[in-house]
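S.K.: After the sequence you'll find the predicted model.
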Number of protein chains: 2
Amino acid sequence: MTELLLARLESHMPLEPADRAGLLALPAQSRQFSARSSTLTGKLIDNHVHVIDEGFACRYRDLPDGRRQILSILVPGDIIDLRQFVLGGTQPLLAALSPLSMSAIPNEKLLKLLETSPRATRALWSTTLVEESISREWLVSIGKRSALERVAHLLCEVYLRLAAVARTTGPRFPLPLTQSELADVLGLSTVHVNRTLQELRKSGLITFQSGMVELFDFDALATLGLFSPGYLHLRDPGKIKPVPA
Amino acid sequence: MTELLLARLESHMPLEPADRAGLLALPAQSRQFSARSSTLTGKLIDNHVHVIDEGFACRYRDLPDGRRQILSILVPGDIIDLRQFVLGGTQPLLAALSPLSMSAIPNEKLLKLLETSPRATRALWSTTLVEESISREWLVSIGKRSALERVAHLLCEVYLRLAAVARTTGPRFPLPLTQSELADVLGLSTVHVNRTLQELRKSGLITFQSGMVELFDFDALATLGLFSPGYLHLRDPGKIKPVPA
DNA sequence: CGCCAGGTTGAGGGACGTCAACCGCGGTGG
DNA sequence: CCACCGCGGTTGACGTCCCTCAACCTGGCG
């Protein structure tokens, strides 16, 4: 099993050596997905739980008339189909936002681990609770934050989430979303996202070109977006400090 | 432990007799809260998980400048502080929307059960996943649905959730929210909620007075709100026909 | 009887959406 | 090697859904 998932689990709650060993003993089959923005549904291995090793994906829901809402952005270390595994039923659609590399763990192996390790179970449970916490913060964004605040908030969030899995280089990080996809994340129109990004650029707070973001002043952006990192449940949120302009 | 919680757990996934016995053996202390719209934070019993037996509550988040977003509506059978129990950290604020009756289960008893019953663990895990699923559907509402659609959708959701715990009487059910609170649920202003409710009343679809709702045509409301009940993960969604796609 | 929270109504405004171009660029094929 | 194509980004004009502000109304309650 991937080290990355282990780091993710431990970033939310501590584990004992025995749990760690059990998790590391899980067999993982590596799998690549190249197509961008294509649906992943049906391409994942049945009866396996997938962990993103590299790349970005998203969950989304379509309304009958073509409206689309992106429900979550998935980054390295995120677990794709835990909720399907636990809850069953139908889940939101999945799409790749970039080339993806994933590890697939057979459900029955995972099930066996969960039956013997309550702490590992709680660690996995925790990851789904953190995701829920993020969903809720997005509710606050879409419900109450202005367009400018929403964009600022999202950039802060993604920055910290990527920093936690060492996918940032200083103040820069990849965010392979088109402005239209960003609009579907934020509950805005493409045009308005465009104008909002321009405003942030003109303020000298960010750059955003070809899927790469640079944050020139994280603190200012956090203030602007009414961002406070508690909801991400990172154990060391203060460790990451931005590079000033 | 309350029968209600057991019914809730089994409404999402089947349990074995042993699990059921373990859950029923949990000691529960009953607790009443009378004040309406007051914060519950600090009034719950520490190191206990609470289950709502009767009444309504909500989770909410305040922004520094006074904006408020209600993140979830909690109805009988919902578990209040499972995520605190599993994940720790800070959680959204809680408020009572009506007089509340709750059962409190000591954390350590629950912990002991979870260590011996993986299936009960998954059942409880499932309840948090269903809540997440609801949060996500709210994201779709606030992000993409019009005001009229949002109100219609919410009423359909609450109706089915209450029906699942036998808190509806025919087409009528309690919804003890002011229009201003409804606005904070739906990401709208109070005034616009008022006008939207009037429109639904004039269409003959609903009545909504002093915290009681009556749905005259659930199917029409579901169609209007682009409502499809899958996300609630009820095992018996009734004879409600879903909206396609 | 008066207060007050909640509900209702109207006028006016603003943030964001829609529509429709146009641009720049990488990919592709002739 | 260049013409073409199409997607993503940008811009302007205009429209609208929803917000804000500010009354006023209503009913329950002390």
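M.R.: Now that the structure is in, tell me what you want to look at.
S.K.: what about chain A, any weak spots by pLDDT?
M.R.: Scanning chain A for pLDDT under 70 picks out A:1, A:35-38, A:236-245.
S.K.: Mind telling me which residue is nearest the centre of it?
M.R.: Geometric centre of chain A, nearest residue: A:L74, 3.2 Å, by C-alpha atoms, centre = their mean.
S.K.: correct me, but that residue touches A:C58?
M.R.: Yes: counting by C-beta atoms under 8 Å, A:L74 does reach A:C58; the two are 6.3 Å apart. For the C-beta atoms, the positions are set from N, CA and C on the backbone; glycine is no exception.
S.K.: where does the nearest residue to the residue nearest to the centre of chain A once chain neighbours are set aside fall, phi/psi-wise?
M.R.: Using C-beta to C-beta, 6 or more residues apart in numbering or on different chains and skipping the chain neighbours, the partner closest in space to A:L74 is A:A57 (4.3 Å). As for A:A57, its main-chain torsions (degrees, to the nearest 10) stand at phi -140, psi 170.
S.K.: show me what contacts A:A57?
M.R.: Counting by C-beta atoms under 8 Å, 6 or more residues apart in numbering or on different chains, A:A57 makes contact with A:L40, A:I73, A:L74, A:D78, A:I80, A:L94, A:A95, A:A96, A:L97, A:L100.
S.K.: Residues in a beta bridge with the residue lying closest to the fifth one once chain neighbours are set aside, which ones?
M.R.: Sequence neighbours aside, A:H50 is the residue nearest to A:I80 in space, at 4.1 Å (criterion: C-beta to C-beta, 6+ apart). Listed beta-bridge partners, A:H50: A:A104 (assigned using DSSP bridges).
S.K.: residues contacting A:H50?
M.R.: Taking C-beta under 8 Å, 6+ apart, we find A:H50 in contact with A:R31, A:L44, A:I79, A:I80, A:D81, A:M102, A:S103, A:A104, A:I105.
S.K.: The helix ranked longest in chain A vs helix B:118-144, what angle?
M.R.: Counting by DSSP state H, the longest helix found in chain A is helix A:118-144. On the basis of axes from the mean of the first three to the mean of the last three C-alpha atoms, to 10 degrees, helix A:118-144 is oriented at 10 degrees to helix B:118-144.
S.K.: close to DNA strand D, is helix A:118-144?
M.R.: No: using C-beta under 7 Å from any atom of the strand, helix A:118-144 never reaches DNA strand D; the gap is at least 8.9 Å.
S.K.: quick one: that helix near DNA strand C?
M.R.: No: residues of helix A:118-144 are not located near DNA strand C by C-beta under 7 Å from any atom of the strand, the shortest gap being 9.9 Å.
S.K.: List the contacts of the residue in chain A sticking out farthest from the centre.
M.R.: Most distant residue from the mean C-alpha position of chain A: A:T116, 28.5 Å away (C-alpha atoms, centre = their mean). Residues near A:T116 by C-beta under 8 Å, 6+ apart: A:G22.
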